[in-house]
Every structure is written in structure tokens, then in C-alpha cells.
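K.L.:
would you be able to build a 3D model of this:
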Amino acid sequence: MPSPTISHLICTTALVVLIFILPLFYNIAVDHIRVDMVCRELREIADYVSNTIANLYFLVNSTYVFDVSLQKELVYLPSNVENFIYVLKIGVKDGYASNVTAYLKERPSVEAVAWLIPGLKVDSEKSFVESCGRIVVVGCYRNNSGVFVWIGYG
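P.N.:
Predicted structure coming up:
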């Protein structure tokens with residue numbers, strides 16, 4: 001009668017393996033859900049900044065004055081995302097501002113991108129900020145060399 005003993009041993013081993021393996025898969029699934037939530041929140045933040053920059057551009061471009069500058073405080077910007085510090089960066093492509101990227105400082109692969117209106121230049125000294133509880137301001141100014149956008153602390 002070795003059959004019940006072997007059967008019991010196999011079932012006990014399978015149960016022990018399940019007890020140790022199941023939490024691993026559970027943690028992986030929870031991490032994927034958390035990353036998805038963070039990406040959605042970063043997407044909202046990037047869209048908010050991109051829309052604000054676009055609105056400032058339309059206001060600056062609607063006047064005939066050459067030297068004009070506007071800035072807006074980002075009131076609805078959270079200080080962190082799921083207890084992570086994030087970075088806002090204005091991306092540059094071929095010398096022009098192309099997008100706003102929001103990504104986690106600890107995990108740069110978790111990011112969201114919102115596109116900007118073509119033709120904007122970036123003030124290279126003020127092209128990114130970290131979320132740290134400080135007031136963040138975006139600005140747009142026009143001079144003889146073009147329309148520039150920037151992001152910085154207020």
C-alpha cells in the first residue's frame with residue numbers, strides 16, 4: 001500500500017509550494033496594478049501642464065506686442081503620486097519643445113507623456129522640476145527670437 005503514502009506526500013508538497021509561490025504572484029499582480037494607477041495619475045498631471053502651456057501660448061500669441069511674458073501657478077498639481085516623488089520635464093526635439101513628460105524619480109520607466117503645440121522653444125535653464133511640495137509655475141514669453149516656454153518654482 002505505498003500508493004496512499006505517495007499520494008499524500010505529493011499533495012502535501014503541492015500545498016507547501018502553493019503557500020510559498022502564491023504570495024510572489026500576488027505581489028507581482030499588485031505591483032502591476034500600482035504602476036498602472038501611477039501611470040494614469042502621471043498622465044493627468046502631464047496633460048494638465050501641457051494644457052496650461054498651450055493656454056499661455058494662445059494668450060501670448062494673441063497680442064501684437066513683441067516682448068510679452070505670462071506665467072501661471074499650477075494650483076492643482078499634487079505634491080507626490082502614491083507617495084513617490086515625480087519629475088516634470090519639457091522635452092526638446094530639434095531645438096523645439098515637443099512634449100511634457102512626468103515620470104517617477106525612483107523609477108524613470110514609469111512615465112507619461114503629453115504633447116505640446118509645435119513651434120515653441122524651451123528656456124534651457126528652466127526645463128524641469130521635481131515635486132517637493134513647492135509651488136510650481138509654468139511660463140511663456142515672446143521676444144524677437146520666438147516663443148519660449150519654461151517650468152520652474154514660484
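
K.L.:
what segments of this protein are helices?
P.N.:
For the chain, helices defined by DSSP state H occupy the ranges 2-61.

K.L.:
give the residue spans of it that score low on pLDDT.
P.N.:
When residues are selected by pLDDT under 70, those of the chain lie in 1-2.

K.L.:
how about the residue nearest the centre of it, what does it touch?
P.N.:
Among the residues of the chain, the one closest to the centroid is residue 102, at 2.3 Å (CA atoms, centre = their mean). By CB atoms under 8 Å, 6 or more residues apart in numbering, the contact set of residue 102 is 42-43, 45-46, 49, 86-89, 111-114. The way it works is simple: take the backbone N, C-alpha and C, and place the C-beta from them, glycine included.

K.L.:
by neighbour count, which of these wins?
P.N.:
Highest neighbour count within the contacts of residue 102, by other CB atoms under 10 Å: residue 86, with 27 neighbours.

K.L.:
any idea what the residue lying closest to residue 92 once chain neighbours are set aside is bridged to?
P.N.:
What sits nearest to residue 92 in space, not counting adjacent residues and going by CB to CB, 6 or more residues apart in numbering, is residue 122, at 5.3 Å. Counting by DSSP bridges, residue 122 is bridged to residue 149.
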